[in-house]
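Novice: Test case, fold it:
(chains A and B)
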Amino acid sequence: MAATLFYILATVMVIATILAITGRHPVHAIVYLVTSFFALAGIFYLLLAPLVAMFEVIIYAGAVMVLFMFVIMMLDLGHPERGGRPALGQWLPALLLGATVLATISYAAAGFAGDKLPAMLPGVKEFAVTLFSRYGVAIEVISLQLLFAVVGALYLGRRR
Amino acid sequence: MIVPFEHVIALAGIIFSLGLVCVLAWRSNIIMLLIGMEIMLNSAMLVFVAGSARWGGLDGQLFALMIMAMTSAEVSLALALVVYLHRRRSTVDVDEFRELGEP
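Specialist: Just a heads-up that it's a prediction; the model follows:
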């Protein structure tokens, strides 16, 4: 049952990502990407990470993609007839390089074939304890980084 | 694990390649370029979470959270840059921004 759900969600995710990167309208690309991230959140839940799944929906689909949408609409970029999609000559080398990377990763993934250990993960409480005790320094670094991002965004966005 | 580990890695590889294709093909539009980077970072998060479920540790999920925080900082800065560049040249075509300094 769970395996079937995983393959369905994987198919949805791949199709939505393909539609997102080939469409010519930026707003449609964002909406397809939100679909893809919802499917990814389902995959996270199936992979025993419910907290990461929730954060994926809240932060990625909820905040980051809305930020993209907000910038696209604020700058009035939703006119596909002005920009247009890349020519075929730009897709071909990109597809070639992407296929090379995919072949490499598939070769690496084939090395894991056969081992299928059942894993039981601890709950949210152990997650939080590990996050704030063992990786406390990383939390501090991340908070400093977010502060720098706020200062930089304010500096770049000010009116002269 | 509900599915073989290599299937999850293969899915992450497909998503990563799609993000790479997006970055390489849409290299003139800065918004689509950032979207391609988002796709690639998401596939990296998928690999972290899959490794966490495979080996039974919590470190993978924690690093997925770190990637998420890093991405939100990166996106906010990058979109502020997009707004700044659009204010200077009123375009998001990367080819237009080929000079250093004030115009």
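Novice: Please, where are all the strands along chain A?
Specialist: Taking DSSP state E as the criterion, chain A carries no strands.
Novice: so what are the domain limits for it?
Specialist: A:1-79, A:121-160 (automatic domain parsing).
Novice: Enumerate the positions of the longest helix along chain B that are buried.
Specialist: The longest helix of chain B (DSSP state H) is helix B:59-89. Under the neighbour-count criterion of 16 or more other C-beta atoms under 10 Å in any protein chain shown, helix B:59-89 has B:60-83, B:85-86 buried. Any C-beta I mention is one placed from the backbone N, CA and C, and that applies to glycine too.
Novice: Where does the prediction get shaky in the chain?
Specialist: I'll assume chain A. A:78, A:80-84, A:114-120, A:160 (pLDDT under 70).
Novice: not quite, I wanted chain B
Specialist: In chain B, residues with pLDDT under 70: B:101-103.
Novice: one step back: I'd like the domains of chain A as JSON lines, with mean neighbour count and distance to B:Gly13 appended.
Specialist: Below are these laid out as JSON lines (neighbours: other C-beta atoms under 10 Å in any protein chain shown; distance: least, C-beta to C-beta, whole Å):
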{"stretch": "domain A:1-79", "mean neighbour count": "18", "distance to B:Gly13": "11"}
{"stretch": "domain A:121-160", "mean neighbour count": "13", "distance to B:Gly13": "24"}
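Novice: In space, not sequence, find me the middle residue of chain A.
Specialist: Closest residue to the average C-alpha location of chain A: A:Phe37 at 6.0 Å, with C-alpha atoms, centre = their mean.
Novice: ok, that residue to chain B distance?
Specialist: Separation of A:Phe37 from chain B (C-beta to the nearest C-beta, to the nearest Å) stands at 7 Å.
Novice: and that residue, what is it in contact with?
Specialist: A:Phe37 sits next to A:Glu56, A:Val57, A:Tyr60, A:Ala61, A:Met65, B:Asn42 when contact means C-beta atoms under 8 Å, 6 or more residues apart in numbering or on different chains.
Novice: Take the residues you listed and write them to TSV, including distance to A:Val129.
Specialist: Formatted as TSV, the contacts of A:Phe37 follow (distance: C-beta to C-beta, whole Å):
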residue	distance to A:Val129
A:Glu56	22
A:Val57	24
A:Tyr60	25
A:Ala61	28
A:Met65	31
B:Asn42	27
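Novice: which ones are touching the nearest residue to B:Leu41 once chain neighbours are set aside?
Specialist: Residue nearest to B:Leu41 in three dimensions, not counting chain neighbours: B:Thr71, with 5.3 Å by C-beta to C-beta, 6 or more residues apart in numbering or on different chains. Residues in contact with B:Thr71 (C-beta under 8 Å, 6+ apart) are A:Tyr60, A:Val64, B:Glu38, B:Leu41.
Novice: In TSV: the residues you listed, plus distance to A:Phe70.
Specialist: Output for these, formatted as TSV (distance: C-beta to C-beta, whole Å):
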residue	distance to A:Phe70
A:Tyr60	15
A:Val64	11
B:Glu38	15
B:Leu41	20
